[in-house]
Each structure stands twice: as structure tokens, then as C-alpha cells.
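Engineer: Okay, structure incoming, though there's no sequence with it:
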């Protein structure tokens, strides 16, 4: 489970950098999420499922809060507010999920 969170974090950072560097074309780097399908799957126990769901809920809530703050404060950049907004939000979700997953996993 820890390896999955690390890979999610790394993929989120790579996607973020590709979008900021290459613009809309960098969105193709989201295909890296297909790597998660090849990670050795094992039967997770109930605690690991709860950890995964808790991490997803926290990451999604954090993403919504940050997006609302950016919108309300009027922090508008050319890259963020144009065609890359959705892809950057998805990459931010992956980064948040990976970081929060590692923090919660190490704490519990």
C-alpha cells in the first residue's frame, strides 16, 4: 500500500511538471496512471481499505478547498486559468493523495 502511495505521488509530480513545461500537450502524461494497474495486487485487509478511502476523502476535500481559495482570491495565472485547469487539478489530487496517504499510513 505504501508503494502505491509513493507511485501516485511521483506520477502527480511528473504530470504537474509536464503541464507547466509543455502546456496542453503535457496532459498526455496522465497516461502514466496506467502503471498502477501493473502493481502487484494482493488481497487488502479491511484496515488497508479504510486507509485508502480515508486518504481519498481527505485528498478530495483538500483539493476542493484549495480550488475554492484560488478562485475566490482571484489568483489567476495564464497557465492555471486557461485550458490546463482541469489537468492541473487532477495532478494536484494525485499529489495530495500520495502525500496524505504516506502521512496517514506512517501515523497509523
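Structural biologist: The structure has been received and is ready for your questions. In this text the structure is predicted, and so the values were computed from the model without any measurement.

Engineer: residue ranges of the helices in the protein, please?
Structural biologist: Secondary structure of the chain by DSSP state H: the helices cover 2-22, 46-73, 78-81, 85-107.

Engineer: can you tell me which of those helices the model trusts least?
Structural biologist: When those are ranked by mean pLDDT, helix 78-81 comes last with a mean of 54.

Engineer: Now do the same contact list for the spatially most central residue of the chain.
Structural biologist: Geometric centre of the chain, nearest residue: residue 94, 0.8 Å, by C-alpha atoms, centre = their mean. When contacts are counted by C-beta atoms under 8 Å, 6 or more residues apart in numbering, residue 94 touches 8, 9, 11, 12, 15, 33. (Each C-beta comes from the backbone N, C-alpha and C, glycine too.)

Engineer: neighbours around the closest residue to it other than its chain neighbours, how many?
Structural biologist: Of all residues beyond its chain neighbours, the one nearest residue 94 is residue 12 (3.0 Å), with distances taken as C-beta to C-beta, 6 or more residues apart in numbering. Burial measure for residue 12: 22 neighbouring residues, criterion other C-beta atoms under 10 Å.

Engineer: Could you measure from residue 12 over to residue 72?
Structural biologist: If you measure residue 12 against residue 72 using C-beta to C-beta, to the nearest Å, the figure is 24 Å.

Engineer: same deal with residue 3?
Structural biologist: 37 Å.

Engineer: Distance check, the residue nearest to the centre of the chain against residue 53.
Structural biologist: Noted for residue 94: a distance of 16 Å to residue 53, by C-beta to C-beta.

Engineer: ditto for residue 102
Structural biologist: The gap separating residue 102 from residue 53 is 16 Å, by C-beta to C-beta.

Engineer: if I read this right, residue 13 contacts residue 99, doesn't it?
Structural biologist: No: applying C-beta atoms under 8 Å, one finds residue 13 not in contact with residue 99, separated by 10.1 Å.

Engineer: Neighbour count for the two, which is higher?
Structural biologist: For residue 13 against residue 99, the residue with the higher neighbour count under other C-beta under 10 Å is residue 99, and the figures read 18 against 14.
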